[in-house]
Each structure stands twice: as structure tokens, then as C-alpha cells.
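Asker: I'll drop the sequence and a predicted model, then ask my questions.
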Amino acid sequence: MKKPDLTSVALQAFDQMVAATPGFRSRLGQRHMAERIASTLHDVDLGEHDEPHSAVTVIQAGTGVGKSAAYLSTTVAMALARKTRVVVSTATVALQEQLMSKDLPALAAVLDTPFVFALAKGRGRYVCKLKLERLAGSDGEPLDMFEGDEDAPVPAPPKAAKPTKGGVWQDPQERRMQMYDTLASSLATGKWDGDRDSLAEQPEASDWATVAAERHTCTARHCPRFGTCSYYQARMQLAQAQVIVANHDLVLASLGMKALPDLDNCLVVFDEGHHLPAVALDQFSSAMDLSGLRWLDKLPKILLEVAEKMGFVLVQDVTTLAQQLKTALLEASRLAMEFLRGVASSYDVVHRFKEGVVPEVMLEPFKLIHGHASALSDALEALGKELKLRAKEDPSQAAHCSVQYAKLGQLAPKINSVVATSAQWLTESEPPLAKWLKSDTSSGLVQLSAHACPIVPGDLLRQHLWQQVRGAVVTSASLTTCGSFDYFLAETGLAGLPQVSTLAVDSPFDYRTQGQLIVADTRADARQVDAYTAEVVAALLADLRDVPRGALVLFTSRVQMQAAVNALDARLEDIVLVQGQMARGKLLGIHQARIEAGAASVIFGLQSFGEGLDLPGALCETVFITKLPFSPPSDPVEEARADWLKRSGRDPFSELVVPATGIKLLQWTGRAIRSETDQARVICYDKRLLSMAYGRRMLQGLPPYAVSRRSNPR
């Protein structure tokens, strides 16, 4: 049988997709993107091969290109022709919702070959039926399987638990048990599928955590509720799907776990790919609590109780090990507090150890911690394996084994975090790990923790991700910075790999005629924080009085935003909506309603509002940028990396800070023009964009706005 021409198959699917799109206007950049994907991925080797051919194409697609249609039509058509699957990974829920509710149904309606698509979620988004059944109808009686975390800070009482005027007060415990009863009934009658996201009213996080499915408390197919398990039913749907929509966290966390298709046997799309480096650092970081240690008093008791009920003999003396571990942790906590008091006067402090070198006196207890914790982890794992084995061999004992396994599972994350963090603290490497202590009093008590994290995300992604991937598309509207892909390729571990190609596809928008970029000169230097903020706030308020319809103001700090809020007069107070005042969806709804009613409306937002907001037309005719979006120089990982680069004779400001800020600036300015008919302007109050060489580098990476300069005040 003749092998199909996969390039032609992919482009035919793309043509079908665009031809069926109502009101479609030809976009050359979208066609170029589809052609690049088809030509790059058509001959990758999937599955078992001695010397497989791999390919990764990195595509920056400007706003309005229609990148999701380009990559979905081509990759799905090729996957169907090859009888394999596509995993589409995103960074935001909003994009997942767009793919699931709009883009994939549209593609399914036009392709000749039918396909199934499904959304992949983490286990914790689903209820554990066994836990819920044991809690429902228990009248609030404590169950040892579901005891709360005694070391966790006590949260403030939920608003619903307080008496309200004209309302009826309800005991928080009674409210929780009533909720569990309702959930159990809805699940049993088929009115609810066990997915937290499908509940009409979202439960409190602490209430949900008690009944959420967790890997450490799950015996999987050995559980008596496995056949009706919400999580595994969702997994079965994934197994039947040719297209799976996931997120970067889940993809990286699932490597080697079989929760998603093997990445060497499917096609992969990473949309919003600029988030990959940050997600990688988060996935491979570790932290352990040095102040809340009461769980160690429970650990040996639970291990011994479970072992006794199972008639299993533990090799380790878990009582002594737990005592020794607690003693070592207390000693580490004492030394850490003494150290922090010597370097800071506040109890709220983050201290990073330069070059990852921890004082020897502090490392001694960490060596003991690692040894004792590893031995306890081995005991926990051995007992867990025995429970699974017995459940498998004697199904009549499955329910009993599952309950016992869940008891152990409560402790597994804590002991694992101690093992992982102590191991990283004892590791010497080049580049060095970032290692730091954090003291925090936000809960009302002093909480002390130890942290560690690798500092080069590209190394992590190259080792753990790209070695497995055979065929992938990495795309976003912001992958180049300062006019080059170099920074992104280095950050993602793709630099220098022979299988990688890049393509920058311009937006179809005519930025020169649709938009303006105005750089306002300030007398104060941006480093003169108080004077600069005062001058910018005065200029901003003058500009806001002339806003006819929608506008977005982006601030680099909460302090800066609050200064602007405090300076608003009565008229401006009536039109300004501030991030954090209400839920994001509600705020955007009010903003849209005001514009549609013919009124002016201005949104004040921080960094998270600089990406992902889609406010076309009158909803955002002006974007005000109060300062170039440099990250605050306080992140321990970024500090550690900067120090390492300096020691290597490199310039972290030019190599890391400027490119990272350039990507953020591209995202921020991207809020202005969202369609081919928009007319908008960007006003940046930071004169460094034109006056400094690094500012002009950032400007090279922005769309070709008509750029002008003005003096402040107006």
C-alpha cells in the first residue's frame, strides 16, 4: 500500500478548514505557518527506531494570524493518517476552553476522517469516590483516613460561616458535611461526574482537598471503586481520543507516568510556548517545612498500625527513625533561625545562599535528615507495595487495603518533600542549584522553610522533555525578543539542536496605520522610584481624563498601582476598575457593559493582565504602560543565575533581563490591537525605551508601530 504524502494531507486539511470558516479572509502568514508544520513533521519517526528522525519547529505567530487553526488542521490530519495522536499543551485555561469549545469542533466538522478530542486534567480535579463515601453520612465524626494537616496554618473562617444580617448562621463543620452528602448523592445518581470544574458552585479549597483524588492515596485498579472512579473514567476517555488538550504543568509532571501518550509516539503542540521555562523550573524545584513537624509524631503510629493490621513486619525501626528525623529537623530549624536573625531584622525574610554554598554547620543536620527521611520513605513504599499486592491477590480485601493505603498516602508528600529538598541541599553541581531559606509570618505564626531549585531551565527541558519528543510545534505570539529567537531557544534548551527550525510569521495587522506608540519623557529617572511614580501618576491621570471609551493601564508593582488609585478624583473613580477588587470575569463584564452603554471605562492591572486579555475594538483603544516591565530583582532563582553568569564572565542584564523584559513588553503592547479594524495607541511613560540602548533593543522586537515622543507634563 502506497504511503500517503503527509505534507499534502496536512495542507489539504488546512485548506478545508479555512474554506469552511465563515467570513474567512486569506492570511498569508497562516498559510506559511501551516506549510512549515507540514513540511517539518511529515517524516518524523514515531515509536521504536534505532536512529529516529526528530523535528521541532518553533513558530512565532503574531496576533491575528490564526495559529490554532494552522497547527490543529495540519497536525491532526497527519496524526489521523499515521494512526497516532496529537497532544496540544497550553498554559492557560482560556486557551484550553477555546480549543475545546470552538477550534476542535470546527475542525471535526470539516475533516473527512472523524476524530475524538478530550481535555486532560490533573488527578486532583476529580473526586475520590472512596473518600467521599466514607465522609458522607458520617455526621462529622472524625475519620483517621481523612484527618486534616495539623501543621498547616489555620485559615480564616470562610465568609459563609459568619452570621449575616437577615441570614442564618451555619456551623462550618455542618456546612462541610452537608456539602459532602450532596456531592455523594449527585455522584451516585449520575447528576455529577466527579469533575470539580463541572460543579455549579466551586467548593472551598480546603473542603475539596479532603475528598480530592491523589496519586499517593490511590491504589488505582486495586481500589474497589476503580470501575466507577471519575478520574479513571476520564483517563479512559483520553485513551479513546485522537486529540488531547492538556497544559504544560501536566505534560512535564506526567513524563514517564503514562498519564498521557508517550511523547515519542505522538505529535505534540506547545501553544503559549514562552511559558515552558518557568513551568520547568517549578516542576523541578523542591521545598520542605522546618517548623510544622507534628506529622512526624503520627507517621510511626500510622506505619505500625497499618503494618499490624496487615500482619506485615517492617524492616526499619520507624519509631526511632521518626524521632531522629524530628530531632535533626528541629536542629536545622534552630540553626536556620539563628542564621536568619543574624542577617535580617525582620521575621519575613528570604535568604539565598550565594553560589549555592550552605554553611557546613547547617549541612550537618541535613545529612542526617536525608538519611532518616530516606529510610522512612523506603518503609512507606514497602508497606504501600504490600498493600497493593494483597489487594490484587485477594479482591475481597481491596476495600480494606485501599483505606490503609490512603492513610499512608497522607504522609507520602511530606516525607517525599523532605527527601527531595535535603538531597538538593546536599548536591554540589555546576551550575549550582539555588538554595534559600524563607521565614514567613503571614499565617500569624513564624513559618520556616528550606527551598532548592535548578537555575537553567533549558538544561532541564533538554534532558527531560526534548529527548523524548519526536515531532513538535512550539508556538506563541511572543517567542522572539529584541528581534531574535536566541533567548527563547536558550531558555527552552532548543538552542543548537539539529532538529530545530524557526519561523516568524508577521501579524496581518497594519500596525503603522492602525496603531501608535507614544513614549513620554519624564524628568525623573525611573530609578528614582518616588519621584518617578509621582510624575507618572500625574501624567497618567491627565491622560485618563481624555479617554473616550476603553483603556487598560498596566503597572509593574502593586505599590505603583495603589499610588495611582489614591490619586484618582471623584470623576475618575467612577470609571476605573482595579484588578483584585473583584473576580476577573466580573471585572471584565462590567468593563464591557460600560463601553456598550457608551460610557468610558479604564482597567488598572498588574503583570498578569498584560497577557491573555482580549479586549478588541472600543474595549481597549489605549494601553498605558507606566514602566518597562522589568521583573523585581528578588527572585532567588533569578538572583542565583545572575550571580553564576557574572562569575562566568557574562552579562546577566544583557543576556537575561533585557530579553525577558522584551518578551513581556511585546505581550503588554499586544493588548492594544486585536483585529484588523482596531485603531489603538500605546503610551509608555518610560523614556528608557528610546533613550537607552537596551530600550531600543526591546523596541526592535515590537510590531512596527508609528513611534513618536512627547514631553511630560502635557
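Answerer: Yep, that arrived.
Asker: give me the low-pLDDT residue ranges for the stretch 201-350 of the chain?
Answerer: Scanning the stretch 201-350 of the chain for pLDDT under 70 picks out nothing.
Asker: Quick check: which ranges of the protein have low pLDDT?
Answerer: 1-3, 137-170, 712-714.
Asker: Tell me how it divides into domains.
Answerer: The chain breaks down into these domains under automatic domain parsing: 6-116+241-281+458-505, 123-162+169-232, 285-453, 511-711.
Asker: got the end-to-end distance for the longest one?
Answerer: The first residue of domain 511-711 is 23 Å away from its last residue (CA to CA, to the nearest Å).
Asker: one step back: which one of the domains of the chain is the most hemmed in?
Answerer: Per residue and on average, the most neighbours among these fall to domain 6-116+241-281+458-505, with a mean of 20 (mean count of other CB atoms under 10 Å). In short, each C-beta sits where N, CA and C put it, glycine included.
Asker: mind checking the longest helix of the chain?
Answerer: Longest helix in the chain by number of residues (criterion: DSSP state H): helix 360-393.
Asker: I'd like the next helix or strand past that helix.
Answerer: The first helix or strand that comes after helix 360-393 along the chain, using DSSP states H and E, is helix 398-425.
Asker: Give me the angle between that following helix and helix 360-393.
Answerer: Interaxial angle of helix 398-425 relative to helix 360-393 (axes from the mean of the first three to the mean of the last three CA atoms, to 10 degrees): 160 degrees.
Asker: From the contact counts, what lies against helix 398-425?
Answerer: helix 129-135, strand 286-289, helix 295-310, helix 360-393, strand 447-453 (3 or more CB pairs under 8 Å, 6 or more residues apart in numbering; DSSP states H and E).
Asker: okay if I get these as CSV plus distance to residue 471?
Answerer: Putting the helices and strands packed on helix 398-425 into CSV (distance: least, CB to CB, whole Å) gives the following:
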stretch, distance to residue 471
helix 129-135, 38
strand 286-289, 32
helix 295-310, 45
helix 360-393, 36
strand 447-453, 30
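Asker: Please name whichever of the ones you listed is nearest to residue 270.
Answerer: Among the helices and strands packed on helix 398-425, strand 447-453 comes nearest to residue 270, with 21.6 Å by CB to CB.
Asker: helices and strands around the closest one, which ones?
Answerer: Here strand 447-453 touches strand 286-289, helix 318-343, helix 398-425, strand 434-440, helix 636-647, going by 3+ CB pairs under 8 Å, 6+ apart.
Asker: quick one: residue 417 and residue 518, what's the gap?
Answerer: Remark: distance between residue 417 and residue 518 (CB to CB, to the nearest Å) = 49 Å.
Asker: Would you list the phi and psi of the closest residue to residue 99 other than its chain neighbours?
Answerer: Leaving out its chain neighbours, the residue that sits closest to residue 99 by CB to CB, 6 or more residues apart in numbering is residue 245, at 5.2 Å. As for residue 245, its main-chain torsions (degrees, to the nearest 10) stand at phi -100, psi 120.
Asker: got the contact list for residue 533?
Answerer: By CB atoms under 8 Å, 6 or more residues apart in numbering, residue 533 lies in contact with 559, 560, 563.
Asker: Compare the helices and strands packed on helix 398-425 and give me the one nearest residue 186.
Answerer: helix 129-135 (10.2 Å).
Asker: could you say what helices and strands the helix or strand following the closest one packs with?
Answerer: Counting by DSSP H and E, the next helix or strand C-terminal to helix 129-135 is helix 172-188. On a contact count with 3+ CB pairs under 8 Å, 6+ apart, helix 172-188 meets helix 129-135, helix 205-211.
Asker: Can you add distance to residue 703 and give these back as JSON lines?
Answerer: Output for the helices and strands packed on helix 172-188, formatted as JSON lines (distance: least, CB to CB, whole Å):
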{"stretch": "helix 129-135", "distance to residue 703": "51"}
{"stretch": "helix 205-211", "distance to residue 703": "40"}
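Asker: Looking at these, which is nearest to residue 657?
Answerer: Using CB to CB, the nearest of the helices and strands packed on helix 172-188 to residue 657 is helix 205-211, at 34.7 Å.
Asker: just checking, what packs against the closest one?
Answerer: If contacts are counted by 3+ CB pairs under 8 Å, 6+ apart, helix 205-211 sits against helix 129-135, helix 172-188.
Asker: and those helices as JSON lines, adding distance to residue 492?
Answerer: Formatted as JSON lines, the helices and strands packed on helix 205-211 follow (distance: least, CB to CB, whole Å):
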{"stretch": "helix 129-135", "distance to residue 492": "39"}
{"stretch": "helix 172-188", "distance to residue 492": "41"}
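Asker: Quick one: closest of those helices to residue 298.
Answerer: The nearest among the helices and strands packed on helix 205-211, by CB to CB, is helix 129-135 at 18.1 Å.
Asker: Next, the residues that contact the closest one from outside, please.
Answerer: Defining contact as CB under 8 Å, 6+ apart, one finds that helix 129-135 is touched by 143, 145-146, 177, 180, 183-184, 187, 194, 210-212, 217, 223-225, 228-230, 399, 402-403, 406.
Asker: residue contacts, residue 238?
Answerer: Residue 238 makes contact with 118, 120, 244, 260, according to CB under 8 Å, 6+ apart.
Asker: That one is in what secondary structure piece?
Answerer: When elements are assigned from DSSP H and E, residue 238 belongs to helix 230-240.
Asker: what angle do that helix and helix 172-188 make?
Answerer: 40 degrees.
Asker: what about helix 230-240, distance to the chain center?
Answerer: 23 Å (CA atoms, centre = their mean, to the nearest Å).
Asker: Ok, stretch 370-390 next?
Answerer: 31 Å.
Asker: just stretch 642-662 next, same as before
Answerer: From the chain centre to the centre of stretch 642-662 is a distance of 24 Å (CA atoms, centre = their mean).
Asker: what sits up against that stretch?
Answerer: 354-355, 431-432, 455, 481-482, 486-487, 628-631, 638, 641, 694, 697-698, 701.
Asker: Tell me which of those residues fall in helices.
Answerer: 486, 487, 638, 641, 694, 697, 698.
Asker: For residue 689, see how far away the first one is.
Answerer: Going back to what we said before, that points to residue 486. Separation of residue 486 from residue 689 (CB to CB): 21 Å.
Asker: What of residue 704?
Answerer: Distance from residue 704 to residue 689, by CB to CB: 15 Å.
Asker: and what of residue 177?
Answerer: From residue 177 across to residue 689, the span is 57 Å (CB to CB).
Asker: And residue 556, by the same measure?
Answerer: Noted for residue 556: a distance of 14 Å to residue 689, by CB to CB.
Asker: Need the overlap of contacts for these two.
Answerer: The contact lists of residue 556 and residue 689 share residue 628, where a contact means CB under 8 Å, 6+ apart.
Asker: Nearest to residue 437, out of the helices and strands packed on helix 398-425?
Answerer: strand 447-453 (5.9 Å).
Asker: Report the distance from the closest one to the chain centre.
Answerer: Worked out by CA atoms, centre = their mean, strand 447-453 lies 20 Å from the chain centre.
Asker: Need the residues that contact it.
Answerer: Against strand 447-453 from outside (CB under 8 Å, 6+ apart): 153, 281, 284-292, 332-333, 336-337, 340, 421, 424-425, 427, 433-441, 636-637.
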